[in-house]
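Peer 1: need a structure here:
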Amino acid sequence: MNNASKLLISADSHVIEPSDLWKTRLPPSLRDRAPVYKEKTVFQGREGGTNPVARMKEMAMDGVSGEVLYPSLTLDQFGLRDAALQEACFSVYNDWLAEFCAHAPDRLYGIGCISAYHIDHAVKEARRCKDAGMRGLMVWQGPPRDLAFTSSHYDPFWAAAQDLELPVSMHILTGMAYAPGVIGQEGQDAAAKLTFSVNEKLLHTANSLLQIIASGVLEHFPRLKIVLVETEVSWLPFIMEQWDKYCARGAYDSPMTMLPSAYFNRQGYITFLHDPHARLLFSEWGTDNCMWSNDFPHRNSTWPKSREVIARELAKLPDAVQAKLLHENVMKLYGLPAVAPLGA
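Peer 2: Just a heads-up that it's a prediction; the model follows:
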């Protein structure tokens, strides 16, 4: 299979919400508390971030035929401590995203944002997202300490997501550690900035995944799918091997009936963007659970040279493995329709 003929579907791309979206669409009683954002920054400059017609052209330039869509500005709102405001903001975003995806529902696949403070509301919003055509749901990656993923608080939501067949995503940079006003790295030295930007970000991902697995969520909800988004992948098999090793000693009182890695292999997914070391793993691990992404239109994106990056990092893998990573896994996970290649 030559590089130009490969079907590419990104498992993690982004929209760019209008900066005044909440000022104009929140209920009047909440508009004085609406999040305020600056006008577009450099990485938000692509027209396709906000305009779905332009999006189709930009996707074609990158040779990408479909995209799973996550927010940009709304990522910050997972750190809001005002539950009512967060619920209303997410509802506004979900409505806007549904309108965006409706332009090309066979190629644009929305992930709805869910506020989990009040779980009855979370369940209702999950159902509303399903009715609006969303392909999945998203919760905070770093929950408040009093609402850790080990809590039974989330059980009605897990059950609803399972019944609705909507995978649940956790995207980097979402939750209390990234609450408005918390991230302020001015004046920090390079070590402090790197610790927060790399180490702590990865630890938030690993901790949340382990909480979900070890507390029995995937044991009790065996059809629930969990997606780790924009975390890269080469770190994961090592840390799961460590979890397995410690759990195999039998010293932990847990509802798990399998080793942690077995749950992930059955119900977990993870996206990668630019992870050169991962190609060394894919012959033995991850080919059914990993999904390629281009992160468009953020500054880390491989756009418009995604095919060049893929050729450099994945070309030596068998065609069948590439097909899984580049489109088959994401299509299976979200139940996506077959599409013809877009662009070259």
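
Peer 1: what are the ranges of the helices in the chain?
Peer 2: Under the criterion DSSP state H, the chain carries helices at the ranges 21-25, 52-62, 83-101, 119-131, 155-164, 190-194, 201-214, 217-220, 236-248, 260-267, 306-314, 319-323, 329-334.

Peer 1: least reliable of the ones you listed going by mean pLDDT?
Peer 2: Here these differ in mean pLDDT, and the lowest is helix 190-194 at a mean of 86.

Peer 1: quick one on the thing from earlier: for the helices of the chain, which one sits closest to His277?
Peer 2: With Cβ to Cβ as the criterion, His277 lies closest to helix 306-314 of the helices of the chain, at 9.4 Å. All C-beta spots, glycine's among them, are computed from the backbone N, C-alpha and C.

Peer 1: List the neighbours of the closest one that are in contact with it.
Peer 2: Contact partners of helix 306-314, identified using Cβ atoms under 8 Å, 6 or more residues apart in numbering, comprise 3-4, 6, 8, 62-64, 274-276, 278-279, 282, 292, 294, 302, 322, 325-326.

Peer 1: what does stretch 260-268 give?
Peer 2: Contacts to stretch 260-268, defined as Cβ under 8 Å, 6+ apart, come from residues 209-210, 213-214, 218-219, 222-228, 236-237, 240-241, 243-244, 247, 256, 288-289.

Peer 1: ok so, going back, kindly write the PyMOL command that selects the buried subset of the contacts of helix 306-314.
Peer 2: Buried residues among those (16 or more other Cβ atoms under 10 Å), as a PyMOL selection:
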select buried, resi 6+8+62+63+64+275+278+279+282+292+294+302+322+325+326
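
Peer 1: In contact with Val229, which residues?
Peer 2: Shown in contact with Val229 (Cβ under 8 Å, 6+ apart): Ala11, Asp12, Tyr70, Met138, Ser169, Met170, His171, Ile172, Ile270, Thr271, Ser293.

Peer 1: Tell me what it is bridged to.
Peer 2: Note on Val229: beta-bridge partners by DSSP bridges are His171.

Peer 1: if I look at it, how far off is Glu17?
Peer 2: According to Cβ to Cβ, to the nearest Å, Val229 and Glu17 sit 17 Å apart.

Peer 1: Count the residues that sit near the residue lying closest to Ala179 once chain neighbours are set aside.
Peer 2: Nearest residue to Ala179, sequence neighbours excluded (Cβ to Cβ, 6 or more residues apart in numbering): Gly79, at 3.0 Å. As a burial measure, Gly79 scores 21 neighbours (other Cβ atoms under 10 Å).

Peer 1: Please renumber the chain so that the first residue is 22 from this point on.
Peer 2: Let's use 22 as the start, then, which means that last one is Gly100.

Peer 1: measure Gly100 to Phe293 for me?
Peer 2: In terms of Cβ to Cβ, Gly100 sits 25 Å off from Phe293.

Peer 1: same question, Glu120
Peer 2: For Glu120, the distance to Phe293 - Cβ to Cβ - is 30 Å.

Peer 1: Who has more neighbours out of the two?
Peer 2: The residue with more neighbours, out of Glu120 and Phe293, is Phe293; 23 against 12, by other Cβ under 10 Å.

Peer 1: Quick check: bridge partners of the more buried one?
Peer 2: Beta bridges link Phe293 to Trp313, judged by DSSP bridges.

Peer 1: give the contact list for it.
Peer 2: For Phe293, the contacting residues are Glu253, Val254, Ala299, Cys311, Met312, Trp313, Ser314, by Cβ under 8 Å, 6+ apart.

Peer 1: any chance of those residues in TSV, with pLDDT too?
Peer 2: Shown next, in TSV, are the contacts of Phe293 (pLDDT from 0 to 100):
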residue	pLDDT
Glu253	95
Val254	96
Ala299	91
Cys311	98
Met312	98
Trp313	98
Ser314	98
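
Peer 1: so Leu168 makes contact with His174?
Peer 2: Yes: checked against Cβ atoms under 8 Å, the pair Leu168 and His174 is within contact range at 5.8 Å.

Peer 1: count of neighbours near the closest residue to Pro188 other than its chain neighbours?
Peer 2: Of all residues not flanking Pro188 in the chain, Lys246 sits nearest, at 3.8 Å (Cβ to Cβ, 6+ apart). When neighbours are defined as other Cβ under 10 Å, Lys246 has 20 of them.

Peer 1: can you check Leu338 too?
Peer 2: 18.

Peer 1: and what of Gly133?
Peer 2: Counted by other Cβ under 10 Å, the residues lying close to Gly133 total 26.

Peer 1: Same question for Leu301.
Peer 2: Using other Cβ under 10 Å, Leu301 is surrounded by 10 other residues.

Peer 1: Kindly provide the distance from it to Leu338.
Peer 2: Shown here: Leu301 relative to Leu338, a distance of 10 Å by Cβ to Cβ.

Peer 1: Then Asn321?
Peer 2: 22 Å.

Peer 1: next one: Lys27
Peer 2: 11 Å.

Peer 1: The spatially most central residue of the chain and Asp316, how far apart?
Peer 2: Geometric centre of the chain, nearest residue: Val250, 3.6 Å, by Cα atoms, centre = their mean. Distance of Val250 to Asp316, given as Cβ to Cβ: 10 Å.
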